[in-house]
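Undergrad: A structural model of the following input is requested.
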Amino acid sequence: MATVFEVLAKDHEEVRRMLAELETGPTAAHSASEDELLLRKRMTEQLVIEESRHEAVEEMYFWPLVREKLEDGDWLADEATVQEQEAKEILNRLDKLQASDVDFEQMLALFTSAAREHIDFEEKQVWPSLRTGLTAAEAEDLGELFVEAKRAAPTRPHPATPGTPGVQKTAGPAAGLIDKLRDAITGRGGE
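TA: Down below sits the predicted model:
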């Protein structure tokens, strides 16, 4: 079974890969074709879906654990959730844009910078302390919980929803179900 750190690291690596691919891909400003812009939009939708799931589950389970287990956990979790809230607001705007829209690349660049900063914060400031604060069994149990919770998590950013664990655990699965229905109807996140 994967530990929470392995699950999160896999998510982070996937986001890094998507961001790198989007950074080097064709853009409207550089004469991308309609098909290339459509692919760019679909790739961005997938990024939004994965990030939305990841952040919702962190708000439900990871940051409360950081608060509980680490002496400076409140500060670390507060800092991280502020970063995540800013990212959700950017993703919400980005998700509504087409790759040909004037603001698309600016929003993508803002998110790219914010995402890299947040990933570094988690991996370098939070994980080392938390690794020593969890038993191997706790890390594995949380990893399993993350995998399960991501299946029901929202696929869209919901910046107006409070990021508190109780609200996320209650509203998150309902929002996730509605998001998945909307995705199925619109074809968002599909091939």
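
Undergrad: for the rest of this, base every contact and every neighbour count on C-alpha atoms.
TA: Fine.

Undergrad: now the residue of the chain positioned farthest from its centre: how far from residue 40?
TA: Outermost residue of the chain with respect to the C-alpha centroid, by Cα atoms, centre = their mean, is residue 31; its distance is 29.6 Å. According to Cα to Cα, to the nearest Å, residue 31 stands 13 Å off from residue 40.

Undergrad: quick one: mean pLDDT over the host helix or strand of residue 131.
TA: Taking DSSP states H and E as the definition, residue 131 sits inside helix 127-133. Mean pLDDT, helix 127-133: 95.

Undergrad: using PDB, write out the CA atom coordinates for it.
TA: C-alpha atoms of helix 127-133 as PDB (Å, rounded to 0.1, in the frame of the first residue of the first chain):
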ATOM      1  CA  TRP A 127       6.600  16.700   4.500                       C
ATOM      2  CA  PRO A 128       9.900  16.300   6.400                       C
ATOM      3  CA  SER A 129       8.400  17.200   9.800                       C
ATOM      4  CA  LEU A 130       5.200  15.100   9.100                       C
ATOM      5  CA  ARG A 131       7.200  12.100   8.000                       C
ATOM      6  CA  THR A 132       8.700  11.900  11.500                       C
ATOM      7  CA  GLY A 133       5.300  12.600  13.100                       C
END
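
Undergrad: now the helices for this structure?
TA: 4-24, 34-57, 63-69, 73-95, 104-121, 127-133, 136-152, 165-186 (DSSP state H).

Undergrad: so which elements touch the first one?
TA: Using 3 or more Cα pairs under 8 Å, 6 or more residues apart in numbering; DSSP states H and E as the contact criterion, the neighbours of helix 4-24 among helices and strands are helix 34-57, helix 104-121, helix 136-152.

Undergrad: tell me which of the ones you listed is the most buried.
TA: A comparison of those by mean neighbour count, using mean count of other Cα atoms under 10 Å, puts helix 34-57 on top with a mean of 20.

Undergrad: which elements pack onto it?
TA: Using 3+ Cα pairs under 8 Å, 6+ apart, helix 34-57 sits against helix 4-24, helix 73-95, helix 136-152.

Undergrad: and the residue most central in space within the chain, how close does it get to residue 81?
TA: Central residue of the chain (Cα atoms, centre = their mean): residue 51, 2.1 Å from the mean position. Distance, residue 51 to residue 81, using Cα to Cα: 14 Å.
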